[in-house]
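Colleague: Below is the sequence, then the predicted model.
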Amino acid sequence: NIDYSNYKIKVFEKVSDTNENTLKDMFALVNSAFDIECKMFKKGDRLESMDDLTSRFADDKSENETQIRFFTFYEGDKMVALVWSHVIPGDGSVQTVHASEEEEEKTNASQKEESERSLYFGMLSVAKSHQGKGLGTFVMNYLENVAKKEDIGYLAMKTIDIRDELTRYYSNRGFNKVSVLDWPKCYDYMCWRPVKFFCWNK
């Protein structure tokens with residue numbers, strides 16, 4: 001595997017931390033990395049508009065542990081990988097699929113008494129030119145170190161059931177498949193075949 005330790009890593013928490021070119025690079029990277037899912041089940045791109053990306057930032061949210069952070073990885077000046085994460089209550093063994101921020105807030109509120117915390121991550125994207133060369137594993141190792149440094153006990157995430165290669169990859173990394181969730185009916189219009197979520201923790 002290539003040594004990625006000299007790659008620059010930039011963390012963005014707010015749209016105001018970025019600029020137009022950075023957002024365009026993030027948007028293009030995600031859609032290029034996820035176009036395999038469009039071929040497998042999804043209609044259209046992973047991010048259908050720039051709002052799908054910018055709405056994840058925390059500009060209009062108070063500072064708290066559930067704030068989303070984007071970690072971006074650069075080879076020179078070229079963004080070649082990214083992943084977003086935020087902290088959720090619990091060990092990641094109970095996950096839901098939310099149709100609205102209100103539903104998510106209710107779930108988080110119901111778990112506030114949990115003493116454990118998980119670093120939930122998603123949209124891990126690697127440039128096609130760098131896939132299969134260990135960069136995704138480097139990003140995962142980085143996330144695990146973030147969790148360790150911030151005293152977060154678990155990692156949690158979801159994959160799509162038909163992504164067999166991801167099932168094998170995360171199983172080999174020691175993740176446990178904790179539940180299976182239906183794709184939300186309100187988002188059925190996005191798919192041309194039925195899929196489910198696999199929920200994982202570690």
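Modeller: Now that the structure is in, tell me what you want to look at.
Colleague: what secondary structure does Glu165 sit in?
Modeller: helix (DSSP: H, G, I helix; E, B strand; the rest coil).
Colleague: what's near enough to touch the most centrally placed residue in the chain?
Modeller: Taking Cα atoms, centre = their mean, the centroid of the chain lies closest to Gly122, which sits 0.9 Å from it. Listed by Cβ atoms under 8 Å, 6 or more residues apart in numbering, the contact set of Gly122 reads Val83, Trp84, Ser85, Met157, Lys158. Quick note: C-beta positions are derived from backbone N, CA and C, even for glycine.
Colleague: Using JSON lines, please lay out these together with pLDDT.
Modeller: Below are the contacts of Gly122 laid out as JSON lines (pLDDT from 0 to 100):
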{"residue": "Val83", "pLDDT": "98"}
{"residue": "Trp84", "pLDDT": "96"}
{"residue": "Ser85", "pLDDT": "95"}
{"residue": "Met157", "pLDDT": "96"}
{"residue": "Lys158", "pLDDT": "96"}
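Colleague: What is the nearest of those to Tyr170?
Modeller: Met157 (7.8 Å; Cβ to Cβ).
Colleague: Need the phi and psi values for that closest one.
Modeller: phi -170, psi 180 (degrees, to the nearest 10).
Colleague: correct me, but it touches Met123?
Modeller: No. In this structure, Met157 is not within contact of Met123 by Cβ atoms under 8 Å, at 9.7 Å.
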